[in-house]
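Undergrad: structure of the sequence below:
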Amino acid sequence: MSIHSLLRHVGIDVPRYITVNGRVIFDTPASPAAGAAVAAATRVEPHRFHAGPDPAPARGKHDNAWWNVDASARQRDIEAMSKAFPGFILFEEDDDFWYGGTIDTGRGKFLIAVLPQTNRSLPTIRLVSKFKLGRQEGRYWRRSPHLYDSGALCVAAVDDWNSEVHTTATATAWAAHWLAAYTEWRVSGVWPTEGYGRNAA
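TA: As a prediction, this is how the structure comes out:
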């Protein structure tokens, strides 16, 4: 049992932060012990992992997408991603708007695509590789928990997302948290957390 799990077990909430390269940390970025990569860490907002049918709408035409009609929301999103995940690249072909980049959990590097939804709902997070998310258990392959049926990462419940407050950086931090939990599960066979905050185990 980790220190943060023990503290959570006795009712003490331990904030989580994601560094610019994607590692989960539990020390506050303002701490004197924090290094330069930690100083710009993003606090993880409350969220819960789950699975099932993918609630994301189809990403079709982008003419009326929020990023093409709301310049201030678009700029706020770009600034949030630039600060939280400066290594990610923004792709804007044909009026589309999505980010690609690498999350380094410390136990593995994962190239992901973060696709905001045209209606401002929870972004879709996909692994950009042929890598299957799961683990070998004897002769059998076990699919990773907390994946949508489509194969996208289930980084949060739909009602965890608040389009008035959250940005693509929020969903990217949730993806980093998911990938850290996944790498722990790959080693131990136990998914270490159901998310963070608000009723997450």
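Undergrad: for the rest of this, base every contact and every neighbour count on C-alpha atoms.
TA: OK.
Undergrad: grab the most central residue of the protein for me.
TA: residue 175 (1.7 Å; C-alpha atoms, centre = their mean).
Undergrad: specify the local secondary structure of it.
TA: Three-state call for residue 175 (DSSP: H, G, I helix; E, B strand; the rest coil): helix.
Undergrad: now swap in residue 68 and tell me
TA: Applying three-state DSSP: residue 68 is helix.
Undergrad: measure it to residue 62 for me?
TA: Distance, residue 68 to residue 62, by C-alpha to C-alpha, to the nearest Å: 7 Å.
Undergrad: anything in contact with each of those two?
TA: Both residue 68 and residue 62 are contacted by residue 95, under the criterion C-alpha atoms under 8 Å, 6 or more residues apart in numbering.
Undergrad: the residue nearest to the centre of the chain against residue 155, yeah?
TA: Yes. Here residue 175 lies in contact with residue 155, judged by C-alpha atoms under 8 Å, at a distance of 5.7 Å.
Undergrad: now do the shared contacts for the two.
TA: Common neighbours of residue 175 and residue 155, counting by C-alpha under 8 Å, 6+ apart, are residue 125.
Undergrad: follow-up on the earlier one: and the residue nearest to the centre of the chain, what does it touch?
TA: Residues counted as contacts of residue 175 (C-alpha under 8 Å, 6+ apart) are 125, 153, 155.
Undergrad: so where do the strands sit in this protein?
TA: Ranges of strands in the chain, per DSSP state E, are 17-18, 24-25, 42-43, 47-48, 89-91, 98-104, 109-115, 124-127, 134-137, 140-143, 195-196.
Undergrad: for these, give me JSON lines that also has mean neighbour count and mean pLDDT.
TA: Listed next are the strands of the chain as JSON lines, based on neighbours: other C-alpha atoms under 10 Å; pLDDT from 0 to 100:
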{"stretch": "strand 17-18", "mean neighbour count": "26", "mean pLDDT": "86"}
{"stretch": "strand 24-25", "mean neighbour count": "22", "mean pLDDT": "85"}
{"stretch": "strand 42-43", "mean neighbour count": "22", "mean pLDDT": "86"}
{"stretch": "strand 47-48", "mean neighbour count": "23", "mean pLDDT": "90"}
{"stretch": "strand 89-91", "mean neighbour count": "15", "mean pLDDT": "97"}
{"stretch": "strand 98-104", "mean neighbour count": "21", "mean pLDDT": "97"}
{"stretch": "strand 109-115", "mean neighbour count": "19", "mean pLDDT": "97"}
{"stretch": "strand 124-127", "mean neighbour count": "21", "mean pLDDT": "95"}
{"stretch": "strand 134-137", "mean neighbour count": "13", "mean pLDDT": "92"}
{"stretch": "strand 140-143", "mean neighbour count": "12", "mean pLDDT": "93"}
{"stretch": "strand 195-196", "mean neighbour count": "22", "mean pLDDT": "84"}
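Undergrad: next, format the ones you listed as a markdown table and append distance to residue 161.
TA: Putting these into a markdown table (distance: least, C-alpha to C-alpha, whole Å) gives the following:
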| stretch | distance to residue 161 |
| --- | --- |
| strand 17-18 | 18 |
| strand 24-25 | 20 |
| strand 42-43 | 15 |
| strand 47-48 | 8 |
| strand 89-91 | 21 |
| strand 98-104 | 17 |
| strand 109-115 | 14 |
| strand 124-127 | 12 |
| strand 134-137 | 26 |
| strand 140-143 | 25 |
| strand 195-196 | 13 |
